[in-house]
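[1] Below are the sequence and a predicted model for it; my questions follow.
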Amino acid sequence: MLLIQCPYCGPRPELEFAYGGQAHIARPLKPADLNDDEWAAFLYMRVNTKGVHAERWRHARGCNRFFNALRDTTTDHFLAVYKTGEARPALNTAGGHS
Amino acid sequence: MQRFSAFSIIRRGLTGNESWRPQWRRASPKASYDAIIVGGGGHGLGAAYYLAKEHGLTNIAVIEKGWIGGGNTGRNTTIIRSNYLFDESAALYDHSVKLWEDLSQVLNYNVMFSPRGVMMLAHNVHDIQVLKRHVHANRCNGVDNEWLSAEQAKEFCPPLNISPDIRYPVLGAALQRRGGTARHDAVAWGYARAADALGVDIIENCEVTGFQKDAHGAIEAVQTTRGLIRTKKVGVSAAGNTSVVLGLAGVSLPLESFPLQALVSEPIKPAFPCVVMSNTIHAYISQSDKGELVIGAGTDAYTSYTQRGGLHINTHTLDAICELFPMFRRMQMLRNWGGIVDVTPDRSPIIAKTPVPGLYVNCGWGTGGFKATPGSANVFAWTIARDEPHPINAPFTIERFRDGFLIDEAAAAAVAH
Amino acid sequence: MADLTGIPTMNHLTTARIAPQVTRSHWLAPLAPRSRFSLRAAPQVLALAGAAFGVAPSEQACRAVVQGTRAALWLSPDEQLLLGLEADTASIQADLHAALGKAAYSLVDVSHRQTALEISGPNAADILNGASPLDLSLAAFPVGMCTRTLLDKADIILWRTQHDVFHIEVWRSFTDYVTGLLSVIAREYES
Amino acid sequence: MTQFRAAKGGRIDRSSAIEFEFDGQTYKAHPGDTLASALLANGVHLVGRSFKYHRPRGLLAAGAEEPNALVGVWRDSARYTPNLRATTVEIYPGLKAESQNRSPSLKFDRAGINGLFSRFIGAGFYYKTFMWPKTAWKSLYEPTIREAAGLGRAPTQADPDRYSNRHAHCDVLVVGAGAAGLSAARAAAAAGARVILCDEQAEMGGSLLSDVHTRINGLTASAWVASVLQELKANPRVTLLARTTAFGYFPHNHLGLNEKLTEHVAAPKPDQPRERLWQVRAAEVVLAMGAIERPLVFPGNDLPGILLADAARTYLQRYGVKVGSVVAVVTAHDSAYQTALDLHAAGVKIAVIADTRAEVSGDLAAQAWAAGIRIQHNSTVIGTRGKLRVTGIDLGQVSGSNVQPLESIACDTIIMSGGWTPSVHLHSQSRGKLVWDESLSAYIPGQTAERTRSVGSCRGIFGIAASLADGTKTGAEAAGTTSSITYEVEETRLANTGFIGALPQPGGKPGDKAFVDWQNDVTTKDLALAMREGFESVEHVKRYTTNGMATDQGKTSNMNALAFLAAGLDKPIPAVGLTTFRMPYTPVTFGSFAGYSRGELFDPVRRTAIHDWAQAQGAVFEDVGAWKRARYFPRGNEDMHAAVDRECVAVRQNCGIFDASTLGKIEVVGPDAATFLERLYVNSWANLKVGQSRYGILCREDGFVYDDGIIARLAEDRFHVTTTTGGAARVYAFMEDYLQTEWSDLSVWLTSISEQYSVIALQGPAARRVLEPLVTGVDVSAQALPHMGVVSGFICGIPMRLFRVSFTGELGFEINVPSDYGRAVWEAIYASGQPHGIVPYGTESMHVLRAEKGYIIVGQETDGTMTPDDVGLSWAIGKTKPDFVGKRSLARSSMHAKDRKQLVGLRTQDPKLVLEEGAQIVDSPGQKAPMRLIGHVTSSYHSAVLGHSIALAVVRGGRARVGQTLYVPMPTGDIPVIVTSTVFYDSEGAKLHG
C-alpha cells in the first residue's frame, strides 16, 4: 500500500485515494472542432510512461480533492505532488525515497 | 527435434539420460530476417511457430529482452475459457480453446491442458441476468456454457459454500465444461521447441532499442542491444511493455499497464476440482497439478512497471476466497508474485496492423491473455504473413476506438478475465 | 392527522442491532442526534460564516474547532462540517443564510445523513487501528484532529476529542457495520 | 527422561513432562520443546516422505528453513492444519501431529517404489509424456499425477478460529531479535524512537539462545538477552513481538507481519484470535534476519539422521537433546567444530570431523584435537549407508581434481556445514540490489530501494561482537543519531569459509541421489539434465526442475543449485543470475489476511430506515450493491410471481407504497449550478423552472449512457439530483472530477444527500387521496402540482421535499423526508392508505410496472455500449446545446449506423410464455450455431395487468422492425416474437397526468 502525500492533508495510505490516470489532459474547449482522430486521442491515447509519470490522484476518502503527482513507474516512488492547475514541476534530482 | 514419448524417456533413461539435447538452440541474431517477433512469451513464440508452420516463413526470429516465458506467460493463473459475451470475443477465444485441445499433440510437448470446467458465480439478480445472457449468446455461437443452480454448482465444486448466510449467497453459476487450465511454462517452452525445429531463431537477452524506417516510413530494421537486425516485418507481443516498444516506433496506443498479483497456497492433495470465478466478490481460484491452490488477485489501482503491488490487494483477495471457501482459511500462502498487464479502454485486445507499414501489434490482453495464447498467436501470424487481419481478429483494430466500435466485455458483462 | 414532530429521532439506530458497550478496554455507544450542515465555499467565504455560526472554522487542515454546543470540522479546503444542537437546526440555517447573503456558497442540511458514535477507553486507539490504517499516536493524530478516512470498508469521519476519546461520524446505513466491526475487534481485549 | 535427552542444559522446563501424539503414538516432552526437538529426544528421526520419490526423510534443520519435516497438526475436526514445519511447532499437552505424503505408513510407503524409477521421472519428465491417447490425460494421467502430488490434505470444514488485524506505525522496525537485532533495537530505543522489534521464534535471542560459550558484558549470552529484553519491555515506546514473522516487504516501507497468538496454547480462550496480521508502516527498517547454514551436497545426503551442524547444536543447547549417539561431522566451516565439541562434552561420540578444507587453524580445531577427536582434511563424502536412518558414511580424499575413496565409518548421525548464507529475503523483496561477495562466497545486500538497512549476518557480518557493533551503529542511524553504547564480548573467532555446490566425487561425475532441494527431490542429476536440455537461465532451471519452489522456497537449496549451475555452465556465480525472492518469507495463513472480514463484516450491509418495517411484513430482500432492498411482500404462501402480480394490479387499481430510499441523491448548489448541469447532462437545464423536475441522462465522454435520474430545481441556484442506486458514488466522483479539474471556473458545490432523505414512492390512482390528509403547506391538486412538479412542505409536521413523479406510469408522488422520520412517515402513509387498498411493493413489481411503460433501467437495458438514441431517449437531448459530456462522441458516424442495436418491445404469441432475460434474437428461424445474432432480451416479465407477457429487447435496427416477427432461439426451439413499441400500457400517458 503506497503512502501518498496529499497536498492538503499530508501523508495518507493509498486506500484513501482514487487513481485518476494521466494528468494534464485538458478537455478541449470546443470538442466539435476536433476531427475523429484528435477526439479519439483525447479520449483514449495515454503515454503509459515507463519512468516518471505525471498522474492524477483524488483524496477520495479524505479531503476529496484532486491533485497531481510525479511518480516513477519503475519504482513507484513519488517524486513530487502538486495541486490541480499547477504546472508540472521540474525535477532537480530524480529518484530518492518516497 | 528429439521426439518426446514414454518410449524416449525410458530409452534415454536407461543410458543415464545423457543423450538428451537442448530443447531449442541458443541462437544469436543474424544480419536479417523475413520477420521478427518482439517478445518471447507464449503469444510471441506461438506467432513465430504459426508463421513457420502455416505460412512458410522460417527465416524469422523471436527476440526477448530477458528469458522466454518470463513475463505474464509465467506469471498468470492459467485459466482458459471462451465463454465471452460478444460474438467477436467468443470467436477469438473459442478459436483458441480449440487449438488448446490438441496443443500437446501438435507441439509434442505436454502443456497439460486440463478442461476441468470454469464456473462463474452469480450472487445477485443482476449477475444472473448478465451470466444468463452469456449462456444464451455462447450457445448460439456454438460455445459451450450452461446454467447451474446453486445446488448443481455445489455438486460440481464441493468446497463451494452455498449457505444463504454468507454475505453474498451463491444464486447460481454459469459453467463452461471445456474451460480449464494449462501448465504455463510448458506453453512457452513447447512453442519455442517446435518453432526452433522449424528453423526459427529464439534469441534471449536481446532488447529492442529502436526501429529503423525507410523513406516511406516502413520498417526496415530493428535496433537491439545485440546489434541492428534488418527485417521488413515486425510483430510486437510485448504485453505490459507494449507502449514502450511501440513508442520507439512513434506509435502510441490506448493502453495502460497495471500491476496484477497472483498467489499460490502450499501444495495439498486434490481438494478443488475446477476453476471458480466470482466477479461480484472479486476472486478466482483453481488447483494446479502440483497441488497448489492458484488464486488470482485484482490489479492495483495505478499504472506501474514494478511487477509488484500492495498488501491490501492480497487481503481483499483472500477475504473473498475465505468467504466462499471457509475451509481454506487455515491454508497458507506459499508464494505471491506480480505481473504487468496492459489494458485497453474496452478491455478487449488489439491484434492489428499499426500506422507504420510492416509493424504489427498484439496487445491489450489485460488480465486475460494466457487463455488466448494459441488463438491469438495463430491469427497474429496470419496478419503478419498476409499483411491483413484474419477474419477472427479483424474487429480487434486500433481504429475501433476512433470509430466507436468498442468490444466492451468489461462494461457489458463486468466479468473479470 | 398524525403529527410526528414530537417523535424521537434515530428510529433507525434504536432499531439497529447495537446497544452501548461498556467494557474494560473501551466504551462504544451512539451519540445523541445533532444538527449537521455541510458548508462548502471558498475559504474566505467560510471565514465569514464563523461569526454567524459562533465558531470560527479552522484554516488549518484536518482540525476541529469547538465552541460551546457547536463545532466546525475541517474536511476540505472548501468544506466544513458544522455540528450543533438538534434544536438549533432551523436557526443555524437561517443565521448562516443571512450572514452569507449574496456570497457564493453551498449550505446543505445533512443532519440525518449520518450518525455519530463515540469510542473511548485505554484501548480505543488500538481497537480503531484494527481497521484504520492511520497513525493514531498523539503526535500524528493529536486531540482536535479530524478527517474523513476509511474504517476497513466504510467511510467515516474520525475526530479525536480527547486523548482516549474518538468521535466517529458515519453515514447512517454504515452504522451497523462500523459498530459491528469495532465490537468484533474489541473482543480480544476482553479475553 | 528419554535416552536422547541430555543430562542437563537447554531452555526446556524439565520439571514438568507433557504428552503428545505423532502418527498415533504417544511420546513425552517438556514445555519449551518444539515438535522436532521432542521427536529427536525420543529418538525419532524419520518424520516425513519426500514430494516425488517418497524417500524417507528426517529433520535437516531446527528452524523455519526445514524442508523435510512437514506435518499436519490436528486440534479438532474443524482445526486441522497441514504442512507445518515440525521445527516451528511448539509442543503443548495433547498436541496431535501426523506425518504426510505417505501410505500406509512412514516406515512403509508404497510410493517409495518411485525411487526405483527415478531415472525415468527426473526433471520435467511429465512434459515429455502422458500425451497419448489424448483423452487419457483428463481421465487417467492427470488424476494420477494430482493424487501423487500435493503434500498434506486440505482442511475439510469451515475454520471456526478468529483472526485479528492491526495497522501500526513506527520510527524503526527491527526484524529479527538476535545479537544484531537486539542491539539495533536497543540503540534506536535509547534515541527515543518508536520501535517495533519482531522475531519469528517463541523466544527472542536468535542464535544467542544456543550459545553457551560467548560472554557479553560479563554475562552469558542468554542472560544478556534477558537483560536487554527486560530493558526494552520497560520502554513504553517499544513494542516486542515474538512468534511474529515479517513475511512481506511492500512499497513505501509497508511490511506485513504475522503474529501467532494461540498455536502454542493447549486450550485457547474463545475470544482469542489465532493469528494477527500486523500491517506496519515504518519510517526506517532494520533487517537483522541472520544467516542460514548451508547443507552439503553429496550422494545419499538425504537419509534421516543427516542434519545441519548448527541445528544439532541448537537441539543440544536450547532443547537439551542429543541428535544421536555416534556422530560424523562433515564441514567446510569452523562453526561445526563448536557443535562437535558441545556434543562431545554432552557424551556423544564424534566418529570423525571430515573437513573439506586443506588446513584448519584456530582455537576450535585445536580444542577438537585436544579432545581426541579425529580430524580428516581435504575430505569429501562419496556415499552414505542406511535405509530409514543413516548407519554409515563413506569418506573420500581430495587431492587436486582427483578424488579417492578413503574409508567407511559407522555412525548413526551425520551433521554437516557448508558455511552460511545471509538471509537477504526481505532486502530483496524491497527491491534492493544484491551483490556477490567473493570472500564470503555469498550474495549480500547492495543498493537499497527503500528506507531500509541490513545488519549482522544477513549482510555478511559474522561474530557476536561484530554483530552487536553493527546493530548498535545502524540502529542509532535509523533513529537519526549516533550511539555510544559499546559491548565487552568474549567469543571464539571463526573463519568465514564455506563450500557451495556439490562435493567433489570420483571421476568428477555428480554422484547418485545427491540432493540439492530436499523437499522437491531435486538432485544434481536433475540440474545437469536441465542444462543438457538447454535450460541455462536460472529462472528456467528453477521452473524446469522445481528447485527452490517447495514450501521452504529454496532457503537451503538455492545457493547450492546456483553454484552447481555456474560450474556446469563454466560461468562465475554472479554471471548466472539469481531467482527473485518472493513474498512471503515463510507461508502465511489465508485467514490472517482475511482478518475480521466474514459474513456481515465481509462487506457492509446497507439498510434503509424502512428496512425493519419491511422485514416485519415478511418482505423478501435482494442484494443491490451493498443495499438490501425489499424485492416483494409475499402474503400467505404466495410465491414471487403471485406476490408480484398482486402488487402490480394493486398499484394500477388503487395504490402502492415503495421504498426508494436507496436512490442516489446529490444536492448541487451555487450560482453556476444550472450551467454545470447544462455542461454535464445531455438535457437542457437553463429553461427548467424552479419547482419543476426533469428526467436527466448522463453520458460518459465516449457517448454511452452512464446514469439517469430525476433532477429537480429547488431554487435558482439549487438542484436536487437523483442517480441510480448503484450510480450514487460514481456519479458524485464523476461530477467532482469535472468540477475540480475541468471547470474550476464554475461556482458550484456538491453534497451527497443520499442518506439524508428517506424516499417513499406513493403510486397509483388513489395516491393523491392517500397523501392529501397528511400534508400541510402544499396543494397537491393536479393544477397546483402537475406531473414533474416539485414542492416543499410538511407531512405529519415533518419537512418534506415532495416530487410528483412516476416510475410506474400512474399518478405518483415521491416523498423525501429526513431519514430519522422515514419509517414513521411511511407508517403514517400506509395507515392513511388502508381505506384505499394500499399495498407495499418491492423492486420486482417496480421492474414490471416500469417495463409496462417502457422505462429503461440503466445497467439492464443499457450495458455501457448504448447511446441515448439506442434506448430511444434522443428526445431528451438538448438539441441547441453547443456541447455536453459525450456530445462529440455521439457525432461519430458509427453512432448513427442504421444497424445499431435499438430498444424495442417484444410480444410472444403465447401470452403465458415469458422470455428469458438474456435470451438472444435472430431474424430467421432454424439457424445453426454460430447464428447471426441481432440482439437480446433485456427485460421480460409476466404482466398481470395486461394479461400477457412483455419484454424489452435491444435489436439491430430495431425501430425499423416494429411489426416484424423475429425469433428467440432456445435449446427447446425457436420462439417467434413480434417487435412492438416499448410502451405496453397507457401509451398516451393519461394516467400519468391524472
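    Right, received. Where do you want to start? Residues are numbered from 1 along each chain as shown, chains lettered A, B, ... in the order given.
[2] Run the chain-centre distance for stretch D:219-232.
    38 Å (Cα atoms, centre = their mean, to the nearest Å).
[3] Same question for stretch D:508-522.
    The chain centre lies 34 Å from the centre of stretch D:508-522; the measure is Cα atoms, centre = their mean.
[4] again, but for stretch B:83-98
    Put simply, stretch B:83-98 sits 13 Å off its chain's centre (Cα atoms, centre = their mean).
[5] Stretch B:294-302 now?
    Worked out by Cα atoms, centre = their mean, stretch B:294-302 lies 15 Å from the chain centre.
[6] contact partners of it?
    Stretch B:294-302 is contacted by residues A:2, A:14, A:17-19, A:55, A:71, A:76, B:77-79, B:181, B:258-265, B:282-288, B:309-310, B:313-314, B:316-318, B:321, B:341, B:343, B:367, B:416 when judged by Cβ atoms under 8 Å, 6 or more residues apart in numbering or on different chains. C-beta coordinates here come from the backbone N, C-alpha and C atoms, glycine included.
[7] Who is the residue nearest to residue D:17 when sequence neighbours are not counted paired with across the strands?
    Distance criterion Cβ to Cβ, 6 or more residues apart in numbering or on different chains; nearest residue to residue D:17, sequence neighbours excluded, is residue D:28 at 5.2 Å. Beta-bridge pairing of residue D:28 under DSSP bridges involves residue D:19.
[8] where are the low-confidence patches of chain A?
    A:93-98 (pLDDT under 70).
[9] and the most centrally placed residue in it, what helix or strand is that in?
    Centroid-nearest residue in chain A: residue A:55, 1.6 Å away (criterion: Cα atoms, centre = their mean). Assigning secondary structure by DSSP states H and E places residue A:55 in strand A:52-58.
[10] Name the strands paired with that strand and say parallel or antiparallel.
    strand A:18-22 (antiparallel), strand A:66-72 (antiparallel).
[11] deepest of the ones you listed, which one?
    strand A:66-72 (a mean of 23; mean count of other Cβ atoms under 10 Å in any protein chain shown).
[12] The residue nearest to residue D:17 and residue D:91, how far apart?
    Distance, residue D:28 to residue D:91, using Cβ to Cβ, to the nearest Å: 10 Å.
[13] The two: which is more packed in?
    Taking other Cβ atoms under 10 Å in any protein chain shown, residue D:28 and residue D:91 do not tie; residue D:91 has more neighbours (26 against 16).
[14] Quick check: which ranges of the stretch 301-417 of chain B have low pLDDT?
    B:411-417.
[15] can we see that at 80?
    B:410-417 (pLDDT under 80).
[16] Quick check: residues of it near chain D?
    B:306, B:308-311, B:314-315, B:317-323, B:326-337, B:345, B:402-406, B:408, B:410-413 (Cβ under 8 Å from any Cβ of the partner chain).
[17] Out of those residues, which sit inside helices?
    B:311, B:314-315, B:317-323, B:402-403, B:410-413 (DSSP state H).
[18] give me the low-pLDDT residue ranges for chain C?
    C:1-26, C:190-191.
[19] Of all residues in it, which one is closest to chain B?
    Proximity to chain B, evaluated over chain C using Cβ to the nearest Cβ, is greatest for residue C:133 at 8.5 Å.
[20] show me what contacts the residue in the stretch 151-300 of chain B that chain C sits nearest to?
    Of all residues in the stretch 151-300 of chain B, residue B:167 sits closest to chain C, at 10.8 Å by Cβ to the nearest Cβ. Residues in contact with residue B:167 (Cβ under 8 Å, 6+ apart) are B:281, B:323, D:598-600, D:602-603, D:605.
[21] List the buried residues of stretch D:948-963.
    Residues of stretch D:948-963 classed as buried by neighbour count (16 or more other Cβ atoms under 10 Å in any protein chain shown): D:948-959, D:961.
[22] pLDDT, distance to chain A and secondary structure added to these, as JSON lines?
    Output for the buried residues of stretch D:948-963, formatted as JSON lines (pLDDT from 0 to 100; distance: Cβ to the nearest Cβ, whole Å; DSSP: H, G, I helix; E, B strand; the rest coil):
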{"residue": "D:948", "pLDDT": "98", "distance to chain A": "44", "secondary structure": "strand"}
{"residue": "D:949", "pLDDT": "98", "distance to chain A": "41", "secondary structure": "strand"}
{"residue": "D:950", "pLDDT": "98", "distance to chain A": "37", "secondary structure": "strand"}
{"residue": "D:951", "pLDDT": "98", "distance to chain A": "34", "secondary structure": "strand"}
{"residue": "D:952", "pLDDT": "98", "distance to chain A": "30", "secondary structure": "strand"}
{"residue": "D:953", "pLDDT": "98", "distance to chain A": "29", "secondary structure": "strand"}
{"residue": "D:954", "pLDDT": "98", "distance to chain A": "24", "secondary structure": "strand"}
{"residue": "D:955", "pLDDT": "98", "distance to chain A": "27", "secondary structure": "strand"}
{"residue": "D:956", "pLDDT": "98", "distance to chain A": "23", "secondary structure": "strand"}
{"residue": "D:957", "pLDDT": "98", "distance to chain A": "23", "secondary structure": "coil"}
{"residue": "D:958", "pLDDT": "97", "distance to chain A": "26", "secondary structure": "helix"}
{"residue": "D:959", "pLDDT": "97", "distance to chain A": "25", "secondary structure": "helix"}
{"residue": "D:961", "pLDDT": "98", "distance to chain A": "29", "secondary structure": "helix"}
